[in-house]
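S.K.: Provided below are the primary sequence and the corresponding predicted coordinates.
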Amino acid sequence: MQAKIQDHTMTTTIRDTHTTLEQFLSDWTRQAFLDIFGPLPAATKLGVTATATPEHGDYQCNQAMTLAKALQTRPRDIATRFVETAKTPPLIERLDVAGPGFINYHLDRRVMARTLGVRTIDGTVPLPDVGRDRTVILDYSGPNVAKPMHVGHIRSTVIGNALHRMYKALGYRVVADNHLGDWGTQFGILIMGYRHFLNPDALREQPIAELERLYVLSHAESRKNPDWLDQARAELVKLQAGDPNNTELWRNFVDLSRREFDRIYQRLNVTFDVVRGESYYRNRTADIVDQLIARGIARESEGAIVAFLDAEKLPPCIVRKRDGGMNYAASDLAAVADRVDEFHPERIVYVTDERQQLHFKQIAAICRRLELPVTLEHVWFGLMRLPGRTFSTREGNVIPLETLLDEAETRAMTMISSTDMAASEKRETARIIGIGAVKYADLSQNPRSLVTFTMDKALSLEGNSGPYLQYAHARIRSLLRKYHDQFPQTDYLQATPAANEASEKDLILRLSRFPETVVHAIDAYKPSALAEYLYELAGAYNALYQTVPFLKAPDGIRESRIRLCACVSDTLRKGLDLLGIEAPERM
RNA sequence: GCCCCCGUAGCUCAGUUGGAUAGAGCAUCGGAUUUCUAAUCCGAAUGUCGCAGGUUCAAGUCCUGCCGGGGGCGCCA
């Protein structure tokens, strides 16, 4: 996609959507440095970063300091020479030197406003296709079959889905795979429970709750009775060997669970490209283990097959159990090999909780030894806790995910009860607000932090929250409708976004930074970086809203301000969409 | 015992390849609505960035040690 620019002064600025403001400035800076100072040490990073405060301009380059030794010149002199010699494009209004040698970039708001106007003329917000010809496999959510989804599962699902959406928006070919836990030892336990404790009526009415009950009972039995555990292991081995009875049971468990999962995914607006689960790779595990042995990566130890990873300073990794059963390491390795064969991804990204860090380090090490042409990335997040203690299925203090979602929608409904919407629109809006609040509460923090879960915080509807962003969006949409009603003869889309008042200039800069924000967020695997950006954008808009009139502004100014507002609402909606959150037209 | 992660305001947390005076929300206090949705905005107050060294022109950020919390470490996933 390439936006056409008529103004010839723009030809040396951002002409298309293949770059970001930051990248454009960094590229220009690098070239200008080379032109002025000649060849520089290869490792030199010559780029710009956004400034912390507006007094220092919009972007800054700090390399005069780092280059001082190589050039044997004082930093301040380097910066001064750069500023006085470099031939700046129209986008850069001026450069100046500050402090020990910071180079501050002040950008021309009118040029930026025109670029914004051109790029978003049709209401879309283009992003650079940095992912062109790149394939990524995203492995997220992955709930265990026969266990209900509780609030602890929401993190992988919501964070993974946001990454999924961002990758797609940046032009990556992305394969999102829901790697269900459908082939583990739990089935041995579950089959034993099914055989001994089943309540058929309960299974018909509340299948997952009944499977959960059977699992808990059988698990408790296995803890005090070693024979029980051995029998459970034997049932698992039978299943893995293709025993028809156990296979039938297993298939039933999986079907029941998937129906329940699908209902929740639909509610969360989460989709996958493939749903394979561990069982999909079950016929490939033996082959992987053989390869590991043949290549000297793994060997027999105490009856099991174990990969020793001393060179990587990692503990040994068991890939095949003493009883011949394959464990999750074998399964994950088989999955990597299969995905490499089928999709040729440059990387596979796993989104799981922090407890699996060691596991994925081991898997990555083994894949390197197997010389599989793929990079594994583990995006881990902190566990969800209740105030005072951790979640535990056995302690029975889990909050079912659906209970949380119901509660969120109920609270949102209370909030909009006094509006004049029709009942159906109220229900739909409450759904959007409630689900959005739950998702945003999770996405707005650094994934790595340990989350202490409280209902009030998850459902908070003010401050840095999903509803805050949705509300800002809805108000702008309302404003645009009013404009059409009051001024049906004119079209704000013909106007260039306003860039005169300080708060307008501030918004122009923020809007221009949207693409690079998305790129940074995906590179760091942090949807929270995008969430923070959106929060600040909404805050900047709210500040503008307080200071200048829109509909009551003079002709011309009115159009350019409304145009600016439209850019904000488009960006908010796009940003929320990348987080998997809907934006209602009114609230 | 070994490995990984975290430690920032009363609470919950941001803090881009190391950059200029460490920031939000909640809570507290004080303001703003003849106006386009007050779910908003403006202001005040709040800090030994766990502790101690080190590297650097520059450290909340990197290195080492220690303290505190969480997680993991051959037959669970």
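M.R.: Received it, and whenever you're ready, just let me know what you need.

S.K.: Please, where are all the strands along the stretch 51-200 of chain A?
M.R.: For the stretch 51-200 of chain A, applying DSSP state E, counting those that start in this stretch gives strands covering A:59-61, A:92-98, A:102-107, A:135-139, A:173-177.

S.K.: Can you say which of the ones you listed is packed in most?
M.R.: Burial of those is given as mean neighbour count (mean count of other C-beta atoms under 10 Å); strand A:135-139 ranks first at a mean of 24. Where you see a C-beta, it was placed from the backbone N, CA and C, and this is true even at glycine.

S.K.: roughly how far out does that one sit from the chain middle?
M.R.: 12 Å (C-alpha atoms, centre = their mean, to the nearest Å).

S.K.: got it, and stretch A:429-437?
M.R.: Stretch A:429-437 has its C-alpha centroid displaced from the chain centroid by 19 Å (C-alpha atoms, centre = their mean).

S.K.: Can you give me the buried ones in the longest helix seen in chain A?
M.R.: Looking across chain A with DSSP state H, the single longest helix is helix A:244-268. Residues of helix A:244-268 classed as buried by neighbour count (16 or more other C-beta atoms under 10 Å): A:246, A:249-250, A:253-254, A:256-258, A:260-261, A:264-265, A:268.

S.K.: Would you mind putting those residues into TSV with pLDDT and distance to RNA strand B alongside?
M.R.: As requested, the buried residues of helix A:244-268 are exported to TSV (pLDDT from 0 to 100; distance: C-beta to the nearest atom of the strand, whole Å):
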residue	pLDDT	distance to RNA strand B
A:246	94	15
A:249	93	17
A:250	94	13
A:253	94	14
A:254	94	13
A:256	92	18
A:257	93	14
A:258	94	16
A:260	91	18
A:261	94	15
A:264	94	18
A:265	96	19
A:268	95	20
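
S.K.: Now for those residues: which two are most distant?
M.R.: Spanning the widest gap among those are A:246 and A:268, at 32.2 Å by C-beta to C-beta.

S.K.: mind checking how far residue A:138 is from residue A:175?
M.R.: Distance, residue A:138 to residue A:175, by C-beta to C-beta, to the nearest Å: 7 Å.

S.K.: How about residue A:500?
M.R.: 47 Å.

S.K.: ok, now residue A:151?
M.R.: According to C-beta to C-beta, residue A:151 and residue A:175 sit 27 Å apart.

S.K.: now swap in residue A:92 and tell me
M.R.: 41 Å.

S.K.: how close does the residue of chain A most remote from its centre get to residue A:324?
M.R.: What lies farthest from the middle of chain A is residue A:227; by C-alpha atoms, centre = their mean that is 44.7 Å. Per C-beta to C-beta, residue A:227 is found 19 Å from residue A:324.

S.K.: show me what contacts the residue of the stretch 151-300 of chain A found nearest RNA strand B?
M.R.: The minimum distance from the stretch 151-300 of chain A to RNA strand B, using C-beta to the nearest atom of the strand, falls at residue A:184 (2.5 Å). Residues in contact with residue A:184 (C-beta atoms under 8 Å, 6 or more residues apart in numbering) are A:144, A:278, A:328.

S.K.: now swap in residue A:256 and tell me
M.R.: A:146, A:207-208, A:211.

S.K.: ok, now with 7 Å
M.R.: A:207-208, A:211 (C-beta atoms under 7 Å, 6 or more residues apart in numbering).

S.K.: now residue A:371
M.R.: Residue A:371 neighbours (C-beta under 7 Å, 6+ apart): none.

S.K.: about what we covered before: please list which of the contacts of residue A:184 are also close to RNA strand B.
M.R.: Applying C-beta under 7 Å from any atom of the strand, the subset of the contacts of residue A:184 adjacent to RNA strand B comprises A:144, A:278, A:328.

S.K.: dump the residue contacts of the nearest residue to residue A:402 once chain neighbours are set aside.
M.R.: Nearest residue to residue A:402, sequence neighbours excluded (C-beta to C-beta, 6 or more residues apart in numbering): residue A:264, at 6.7 Å. By C-beta under 7 Å, 6+ apart, the contact list for residue A:264 reads A:149, A:401-402.

S.K.: May I see those organised as CSV, with distance to RNA strand B and neighbour count added?
M.R.: Shown next, in CSV, are these (distance: C-beta to the nearest atom of the strand, whole Å; neighbours: other C-beta atoms under 10 Å):
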residue, distance to RNA strand B, neighbour count
A:149, 14, 23
A:401, 18, 21
A:402, 22, 15
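
S.K.: of the residues you listed, closest to residue A:349?
M.R.: Of all the contacts of residue A:264, residue A:149 has the smallest distance to residue A:349: 21.2 Å, by C-beta to C-beta.
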